Each structure stands twice: as C-alpha cells, then as structure tokens.
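S.K.: next one to model:
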Amino acid sequence: MTHPPSGGTQTLRTPDPVSAHVDVDAQHRTTWAAQTGRLRAVATTEPGRLQIIGAVLALLVVAFGAVTTLEISSRASSADDVVSRSQPLSADAADIYRFLADADTTAASGFLAGAQEPEAVHEQYRKDIEEAARLLVKASGSTESDSASSREIATLNKLLPVYTGLIERARANNRQGLPLGGAYLRYANQKMTGEMLPAAERLYAAETGRLETDSADARQWPLLSLGAGILVLGALAWMQRRTYRRTNRVLNHGLLAATAAASVVVLWLAVGHAVARAELRSAMVHGQASLDVLNDARINSLKARANENLTLVARGAVLTPDGSADQYEADYTTGMKALKSQLEKADRLADDESGNAPVAAAAQGVAEWQVRHREARATDDHGDYDGALEQIIGTEGSTGQSFQQVDAALEKALAHEQGEFTSAAKDGRGALRGLPIGAAALAVLGAAGVIVGVNRRLSEYR
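M.R.: Residues are numbered from 1 along each chain as shown. Okay, the predicted model is just below:
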C-alpha cells in the first residue's frame, strides 16, 4: 500500500501592518521630496522664478481688490444707514417727543377755554395724539426687539392710552363745571412730564446714539485697504525695477497696466473716502448738532407754554417744595431760560443766513412772549383772572400768539437744518458709490496685466 507524501501543514503569512504603514509614509516622504526638489529646481531658473513671482503678484492684486471691496462696502452700508435709517429714526423720535409735548400744551389750552373747547384746539390735540401713535408704530417696526429703543416704545405705547383717558375725564368734568377737571388735567400733565416725556427723551437719545455710531463707522479710515494698496504698488514697482535690471527695458506694458489699475484704486479709495468723511462730518457737525439744539429749544417752548397754561388752571394750588412760589410759574421761568440759551447756541451753529434768520425770529418771539407773560401775571396778581386768561389764550396780543410765532420759526429752522444734513449726508454716501465694484473690476484687470506682463517675459525664453 502506498501513502501520499506527507507535506506537513502549510502556513500562510500576512503582511505586517506596521511595516505597511512605514512603507506608505516612506512613499509620501519620497513624493514630497520629489515635488520639493522639482519646485526648487524650477526656482533656480529665471523662467521658474518669473512664474512664481507672477503668481504671487497676481494674487496680491486680487487680494487688494477683495479687501477694498469688502471694507468700502461696509463703509458705504453705514453711510446709507445714516441717510435712510438712523437719521430718519432720530428725527421721528424727536417728532414723537414734540407731538406728545404739544398734545399736553393743547389740552391745557383747551381746558382754559372753558366748557366749550374750541374745535380747532380739539382737532390739534387729536392730530398730535394720532401722529405720536403712528410714529410709535413706525419706530417699533424699525428697531430690534431687545434694544433700548424698543423698551421705550413699549413704555410709551402703554402710557399713551392712560394719558388720553385722564384728559377725557378732565374734559368731561370741565364741561360740567366741576373743579375735579383741573385735578385730572394736572394728573395728566404729571403723567406726561414725569413718565412719558422722559421715555420719549430716552428714545431720542438712543436713536441719536445709533446715528452717531453709523456715522462714525462710515467715516472710519479703510486702513487695511490703503495698506494693501501701498503693498501692491511697492511689489509692482519692485517687479518693474527687476525687469529693467535684467532686460534694460524701461517699460513692460502688462506690469505698467497693472500698476496703473492699482494706482487708480488707491487714489479713488483715498480721495473718495476723504470726501465721504468730510461730508458726513459736516452733516453731523453743522446739521445734526443744530437739529439737536433746535429740537431741545422747541421742546422747552412747548413745556413753557404748558406750564404757563397750567399756572392759570391750578390757580396757585401747586407750590414749589419750599412753598415759596407757584410750581408751574417756576417751571415756566426755568424753561424760558433754557429756551433762550438754546436759541443763542443755535444761532452760533447756523452757518448761513437761511439758518440764522428763523433763529433770530424765534428769539424775537421769545422776548415778546416774556413781556406779555409778565403783563398777564400782573393782571392775574391784581385779581383779574378773566383779563389774564385773555392775555394768555386770546386772539390778539396774547402769549399764545407769541408762542405760535416761536414755534413757526423753530419749525422753519428745523426744516432748513434737516435739509442741510440730508444734502451733506447724501453727498458723503455718493462719494463711496461705485467704489466697491470699481475696485473689484480694476483688481481683475490689474491681475490680468500682471499675467500678460510676466508671460511676455517668459516668451523670451522659448
């Protein structure tokens, strides 16, 4: 019997994972070394160096254009916000304050007129309340929900119906000849001056602060873009000098075109932003500063008029804390002093005759108002209440007419300064218009010029 040969057990060997990993790493190192060697070899030749330098220059020019486009787009956006968002909101906040203060003044005037409130006075009060409510809705839609402005708007929306309810109670009691009407009117005035007007003032301050922030952002120098532009111009100048030293040729048309494109962008950037900066600064210094002062003056005139009316409504029932004087008369005096001071400041800020003339008319009206007020107080102090009332709310020679003259002059001054602000701010915004797109386009042309110029040199080696 024969048996098959016994070959024993055959063992299959698997590759060592560690050895395989080492082999892969070795291959990677070999590949990297080969690539590095080829790059080094290329860099040792003039055509290779030209290719590397050309690629770097083209990337620098494109990066310069991208940085300029992004940075100036941000400045242009802030400038647009100044014109179309933050300044209109600041103006609306000032109008909210004015409409509320005027409503309070008009309500007191209507109360003094007696049981039959004049239709014109009632209509003016209704218009003031409606306009204040409309502007509050408008402002609410333009502010962030968690902002300080939003909180003040919510406060005013909550207090406005409370105030109008008190005024209606005052009117109802006044029509019936009940003295309780005066108490309701004084309480409504306290609600307005103690809670609503301070909230409106904070709203105005918040919106004006946002305006100042937007203006400052728009006026900030684009240092990164300017620095990148100077770097690109320096690199292009170096490249042209290098080309001249190696070829003894003064001009390389491609590099010259790239230098011209970069120079245009840098010049446009510097001049355009300088103009925008100057115009936006003029808008803030000569426009917004005057608007702030004139708005304060108008508010103080409204407060003074309301206190003048309430002096007759209260008939001495409300005294200063030390009990030495009528509280409303004291507040009137304080308000008129502030009004005169603000008109003097507004006159200094006005930079042309169109701005000075209405301010001078307002100052003249204030002087006349004070004279008539002293006469009315003297009449009241002698016991002639009806005579004093006629001097306060009458149709001829009254303090009410003086107040209307002051208010009309201030409205004219505000309209002029608003126009000055808008014109300067639009000019500032216009100086940046087209610069982001222009910078990007010129950067692409500049990069193309670099490539053409370098390829022209490379063709000499073929």
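S.K.: which residue packs closest to Leu59, ignoring adjacent ones?
M.R.: Ala447 (7.9 Å; CB to CB, 6 or more residues apart in numbering). For every residue, glycine as well, the C-beta is placed using N, CA and C.
S.K.: looking at this, the one you found is in a strand?
M.R.: No. In this structure, Ala447 is helix, not part of a strand, as judged by DSSP: H, G, I helix; E, B strand; the rest coil.
S.K.: let me see the contact set for it.
M.R.: When contacts are counted by CB atoms under 8 Å, 6 or more residues apart in numbering, Ala447 touches 58-59, 61-62, 65, 258.
S.K.: then Ala139?
M.R.: 89, 92-93, 96, 149, 153, 203, 207.
S.K.: neighbours of Asn425, just the number please.
M.R.: For the record, residue 425 is Ala, not Asn. Look at Ala425: counted by other CB atoms under 10 Å, it has 27 neighbours.
S.K.: my guess is it contacts Ala276. True?
M.R.: No. In this structure Ala425 lies outside contact range of Ala276 using CB atoms under 8 Å: 9.8 Å.
S.K.: shared neighbours of the two, anything?
M.R.: In contact with both Ala425 and Ala276: Ala79, using CB under 8 Å, 6+ apart.
S.K.: list the buried residues of stretch 130-150.
M.R.: Neighbour-count burial for stretch 130-150 flags 131-133, 135-136, 139, 143, 148-150 (criterion: 16 or more other CB atoms under 10 Å).
S.K.: tell me which two of the residues you listed sit farthest apart.
M.R.: The span of these, defined through CB to CB, is set by Glu131 and Ala148 at 22.8 Å.
S.K.: tell me the pLDDT at Leu458?
M.R.: With respect to pLDDT, Leu458 scores 67.
S.K.: and what of Ala216?
M.R.: pLDDT, Ala216: 94.
S.K.: just the strands in this structure please.
M.R.: Ranges of strands in the chain, per DSSP state E: none exist.
S.K.: worst-scoring helix or strand of it, pLDDT-wise?
M.R.: Counting by mean pLDDT, DSSP states H and E, the chain has its least confident helix or strand at helix 17-43, which shows a mean of 56.
S.K.: quick one: distance of stretch 360-368 to the chain centre.
M.R.: What separates the centre of stretch 360-368 from the centre of its chain is 32 Å, taken as CA atoms, centre = their mean, to the nearest Å.
S.K.: for it, which positions count as buried?
M.R.: Those would be 360-363, 365-366, 368, for stretch 360-368 by 16+ other CB under 10 Å.
S.K.: keeping just the C-alphas, turn that stretch into PDB.
M.R.: Only the C-alpha atoms of stretch 360-368 are listed here, as PDB (Å, rounded to 0.1, in the frame of the first residue of the first chain):
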ATOM      1  CA  ALA A 360     -33.400 135.300  15.100                       C
ATOM      2  CA  ALA A 361     -37.200 135.400  14.500                       C
ATOM      3  CA  ALA A 362     -37.700 132.800  17.300                       C
ATOM      4  CA  ALA A 363     -35.500 134.800  19.700                       C
ATOM      5  CA  GLN A 364     -37.600 137.900  18.900                       C
ATOM      6  CA  GLY A 365     -40.800 136.000  19.600                       C
ATOM      7  CA  VAL A 366     -39.400 134.700  22.900                       C
ATOM      8  CA  ALA A 367     -38.600 138.300  24.000                       C
ATOM      9  CA  GLU A 368     -42.100 139.400  23.100                       C
END
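S.K.: going forward, the N-terminal residue is numbered 59.
M.R.: In the new count, where the first residue is 59, that last one comes out as stretch 418-426.
S.K.: pLDDT (mean, whole number) over it?
M.R.: Rounded mean pLDDT across stretch 418-426 is 96.
S.K.: ok, now stretch 189-200?
M.R.: Per-residue scores along stretch 189-200 average to 93.
S.K.: where's it relative to the chain centroid, distance-wise?
M.R.: With CA atoms, centre = their mean, you get 18 Å for stretch 189-200.
S.K.: can you give me the helices for the stretch 159-308 of the chain?
M.R.: 177-198, 206-233, 238-249, 255-277, 281-305 (DSSP state H, counting those that start in this stretch).
S.K.: just the buried residues of stretch 188-208 now: which is nearest Asp139?
M.R.: Thr201 (13.3 Å).
S.K.: list the buried ones in the biggest helix by length in the chain?
M.R.: If you go by DSSP state H, the chain has its longest helix at helix 104-139. Neighbour-count burial for helix 104-139, counted by 16+ other CB under 10 Å, picks out 106, 108-109, 111-112, 115-116, 118-120, 122-123, 125-127, 129-131, 133-134, 136-139.
S.K.: now the angle from it to helix 281-305?
M.R.: Calculated by axes from the mean of the first three to the mean of the last three CA atoms, to 10 degrees, helix 104-139 forms an angle of 160 degrees with helix 281-305.
S.K.: out of the contacts of Ala505, what pair is the most spread apart?
M.R.: With CB to CB as the measure, no two of the contacts of Ala505 lie farther apart than Leu117 and Ala316, at 12.4 Å.
S.K.: where in this structure is pLDDT low?
M.R.: 59-104, 306-308, 516-520 (pLDDT under 70).
S.K.: mind listing what the residue nearest the centre of it touches?
M.R.: Nearest to the mean C-alpha position of the chain, by CA atoms, centre = their mean, lies Leu269 at 2.1 Å. With contacts defined as CB under 8 Å, 6+ apart, Leu269 is in contact with 140, 144-145, 147-148, 346.
S.K.: burial count for the spatially closest residue to it that is not a sequence neighbour?
M.R.: Leaving aside its sequence neighbours, Leu269 sits nearest to Ser144 (CB to CB, 6+ apart; 4.0 Å). By the criterion of other CB under 10 Å, Ser144 has 22 neighbours.
S.K.: just Asp410 next, same as before
M.R.: Asp410: 10 neighbours (other CB under 10 Å).
S.K.: for it, phi and psi?
M.R.: phi -150, psi 170 (degrees, to the nearest 10).
S.K.: skipping adjacent residues, who's closest to Ala336 in space?
M.R.: That would be Gly486: by CB to CB, 6+ apart, it lies 7.6 Å from Ala336.
S.K.: I meant to write Val141 there.
M.R.: Ala483 (4.8 Å).
S.K.: re the thing from before, give me the buried entries from the contacts of Leu269.
M.R.: 140, 144-145, 147-148, 346.
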